[in-house]
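Visitor: The following block contains a protein sequence and its predicted model.
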Amino acid sequence: MYIDFSSLFHQSSKDLRGGGTVNIPADVTKWPEEWSTTYYKTYPRFKKIPLPASKSSADFFDLLMIRKTDRSFSKDALTPGKLSSLLKYSCGITHESAEYNPRRAHPSGGARYPLEIYPIIFNDVEGISAGAYHYNVKEHALDTLSERPFSGDDIAQLVTYPWAQNSSALIVMTAVFWRSQMKYGERGYRYIMLDAGHIGQNVYLSSMALGLKCSGLGGTLDTNIESLLGVDGIDESLVYALVVG
Ligand SMILES: Cc1cc2nc3c(=O)[nH]c(=O)nc-3n(C[C@H](O)[C@H](O)[C@H](O)COP(=O)(O)O)c2cc1C
């Protein structure tokens, strides 16, 4: 028997109120505190690498006009400054707000911020060794998960395309599903994917601005990447990745 799970999911997660999987009171004062709490993943015992302060500028409309997927990467295109800008302008904190969470470069459904970002750096970058890192958004720093070299064969265990072996880094997004789904139930899954799209476009545009090449990547070997990052693949799982270089 064939079951169209995507249609089943789409139809059953259609309505926010009545008949759907969630019931969000219109009165915000009735919301539990956890719905307005921002959760940050931290690695307090891991080596932290502060990212340099970055301020980049470019004409926004020009960037949209030149945005494209370009797979002709170079392995050493990244610098700490470029990595810093890429992360800040794609998914970093942009400014504090008195009445709200710190603002980020991307919108987020219900301000649940369900995504974590992990740069996997394939080649040493002026003071940052090749390895797997977590982007510490609050401190604009890298949490070091593992420092290790990546051969072409190692990269082939993470992504299916040979041309990705010439890139500088893989920017992985994982979802901590609970952060959105405790409020929005099944429907929260939709918002998580939309958040990933918002960040993905920011990664593309920031790459263009920084003179980096970029490609979104459906061809990821998710389980291998999750095990490299030390995430369980269930409560937190890969949703999208892009290569840059
Ligand atoms: C979610 C997503 C996944 C993608 N996966 C791949 C991929 O696995 N391999 C690839 O070569 N390009 C991939 N791309 C790039 C698309 O092929 C590309 O965006 C599309 O051909 C349009 O070209 P453009 O981005 O240059 O406008 C992906 C893009 C997105 C948004």
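Guide: Ah, there it is.
Visitor: Enumerate the residues of this protein near the ligand.
Guide: 68-69, 161, 215-219 (C-beta under 6 Å from any ligand atom). The way it works is simple: take the backbone N, C-alpha and C, and place the C-beta from them, glycine included.
Visitor: And these, which of them are buried?
Guide: 161, 215-217 (16 or more other C-beta atoms under 10 Å).
Visitor: Got phi/psi on residue 103?
Guide: Main-chain dihedrals, residue 103, degrees, to the nearest 10: phi -70, psi 150.
Visitor: about what we covered before: quick one: the residues of the chain next to the ligand as TSV, columns for pLDDT, distance to residue 155 and secondary structure too.
Guide: What follows is the residues of the chain next to the ligand, written out as TSV (pLDDT from 0 to 100; distance: C-beta to C-beta, whole Å; DSSP: H, G, I helix; E, B strand; the rest coil):
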residue	pLDDT	distance to residue 155	secondary structure
68	98	22	coil
69	98	18	coil
161	97	9	coil
215	98	14	strand
216	98	17	strand
217	98	12	strand
218	97	16	coil
219	97	12	coil
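Visitor: Looking at the residues you listed, spot the one nearest residue 129.
Guide: residue 217 (23.0 Å; C-beta to C-beta).
Visitor: Name the nearest residue to the closest one, sequence neighbours excluded.
Guide: Closest residue to residue 217 in three dimensions, ignoring its sequence neighbours and counting by C-beta to C-beta, 6 or more residues apart in numbering: residue 241, at 4.9 Å.
Visitor: my read: that neighbour touches residue 220, true?
Guide: Yes: assessed by C-beta atoms under 8 Å, residue 241 is found in contact with residue 220 at 4.9 Å.
Visitor: higher neighbour count, those two?
Guide: Per other C-beta atoms under 10 Å, whichever of residue 241 and residue 220 has more neighbours is residue 241, with 26 against 22.
Visitor: any idea which element the residue nearest to residue 217 lies in?
Guide: Using DSSP states H and E, residue 241 sits within strand 236-244.
Visitor: who touches the residue lying closest to residue 166 once chain neighbours are set aside in this structure?
Guide: Leaving aside its chain neighbours, residue 166 sits nearest to residue 73 (4.5 Å; criterion: C-beta to C-beta, 6+ apart). When contacts are counted by C-beta atoms under 8 Å, 6 or more residues apart in numbering, residue 73 touches 163-164, 166-168, 213, 243-245.
Visitor: run the last query once more with 10 Å
Guide: 122, 163-169, 212-215, 243-245 (C-beta atoms under 10 Å, 6 or more residues apart in numbering).
Visitor: hey, what's the most centrally placed residue in the chain bridged with?
Guide: Geometric centre of the chain, nearest residue: residue 173, 3.3 Å, by C-alpha atoms, centre = their mean. Beta-bridge pairing for residue 173 (DSSP bridges): residue 117, residue 240.
Visitor: Contacts only, for the spatially closest residue to residue 120 that is not a sequence neighbour.
Guide: Excluding the flanking residues, the one nearest residue 120 by C-beta to C-beta, 6+ apart is residue 170, at 4.4 Å. By C-beta under 10 Å, 6+ apart, the contact list for residue 170 reads 118-122, 132, 150, 155, 158-159, 164, 217, 220, 225, 228, 241-245.
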